[in-house]
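J.: Next come a sequence and a model predicted from it.
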Amino acid sequence: MSPTIAQGAYIAMKLGEALAILVGAWLLTTLLRQLVRRVCVRYDIAPAFGLGLRRVLSTLIYITALLLFLNRLGISGSVVWTTLTGFVAVGAVAFFAAWSVLSNIFCAFLILTTRPFRLYDYIEVLENGDKPGLRGRVVDINFIYTTLQEIHADGEDSVLQVPNSQFFQRTTRRWRQEPAWSRIARERPEGSADWQDAAGR
């Protein structure tokens, strides 16, 4: 037998084994599903539990079959597993790193559409019930932060940049008119910056 024919026969044998593994996995999954369904009916087990069990078993079978399939094709299962776990780890880190930014962008969209407060409103973000929290006049809303102008008792002012997601995790109090605690803003000494200057700091 020539080397070319021998090599072709070897490749065909490996492909046959790989396909047999996939077919065997499909048959085994089908049998297990029927078995789990009958057991759930016989012993009056909750359908949700049976559905979850079938999905877990099917996933384990198909993962094992995939590793065996790749092994028959000459790809080491340990290499595939290491690469897969590496990609999953990198994806998880990237997801959690970007989640706060994406969350704030989405919450900015919700603020602009549902309008729990508007520009130049006086609001307070309550920490817990009636416990005093962050409060001030809304002077800017962007994709990441909502900027509040704080009013202090000495007439000085400062700005707070509150992440947009915080408004959907805590209770927000809103005043339709200027509250008493902010009226001191009209009595600030001459030369103090107004809210436009404060918002641009």
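T.: Looks like it came in fine. Numbering: from 1, shown residues only.
J.: Could you use CA atoms for every contact and neighbour count after this?
T.: Will do.
J.: quick one, domains of this structure?
T.: Domain assignment for the chain by automatic domain parsing gives 3-75, 77-201.
J.: how about those in JSON lines, adding mean neighbour count?
T.: Compiled in JSON lines, the domains of the chain are given as follows (neighbours: other CA atoms under 10 Å):
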{"stretch": "domain 3-75", "mean neighbour count": "14"}
{"stretch": "domain 77-201", "mean neighbour count": "15"}
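J.: and those, which one is worst for confidence?
T.: Sorting these by mean pLDDT places domain 77-201 lowest, at a mean of 77.
J.: Tell me which helix or strand comes right after the helix ranked longest in the chain.
T.: Ranked by number of residues, the top helix in the chain under DSSP state H is helix 3-42. Per DSSP states H and E, helix 3-42 leads on to helix 47-72 as the next helix or strand towards the C-terminus.
J.: Figure out the helix or strand that the residue nearest to the spatial centre of the chain lives in.
T.: What sits nearest the mean C-alpha location of the chain, by CA atoms, centre = their mean, is residue 99, with 5.5 Å. Using DSSP H and E, residue 99 falls within helix 77-114.
J.: for residue 148, same thing?
T.: Secondary structure (DSSP H and E) places residue 148 in strand 145-151.
J.: partners of that strand, with directions?
T.: strand 134-141 (antiparallel), strand 157-163 (antiparallel) (DSSP bridges).
J.: Which residue, other than its chain neighbours, is closest to residue 66?
T.: residue 22 (7.6 Å; CA to CA, 6 or more residues apart in numbering).
J.: I figured that neighbour was touching residue 65, is that so?
T.: Yes: judged on CA atoms under 8 Å, residue 22 makes contact with residue 65 at a distance of 6.2 Å.
J.: how close does the nearest residue to residue 61 once chain neighbours are set aside get to residue 133?
T.: Distance criterion CA to CA, 6+ apart; nearest residue to residue 61, sequence neighbours excluded, is residue 25 at 6.3 Å. As for residue 25, its distance to residue 133 is 58 Å (criterion: CA to CA, to the nearest Å).
J.: just residue 97 next, same as before
T.: If you measure residue 97 against residue 133 using CA to CA, the figure is 27 Å.
J.: mind checking the SS state of residue 143?
T.: coil (DSSP: H, G, I helix; E, B strand; the rest coil).
J.: quick one, what contacts the closest residue to it other than its chain neighbours?
T.: Distances taken as CA to CA, 6+ apart place residue 105 nearest to residue 143, at 4.9 Å, with adjacent residues excluded. Contacts for residue 105 (CA atoms under 8 Å, 6 or more residues apart in numbering) come out as 143, 144, 164.
J.: now, which of those sits nearest residue 44?
T.: Nearest to residue 44 among the contacts of residue 105: residue 164, at 48.0 Å, using CA to CA.
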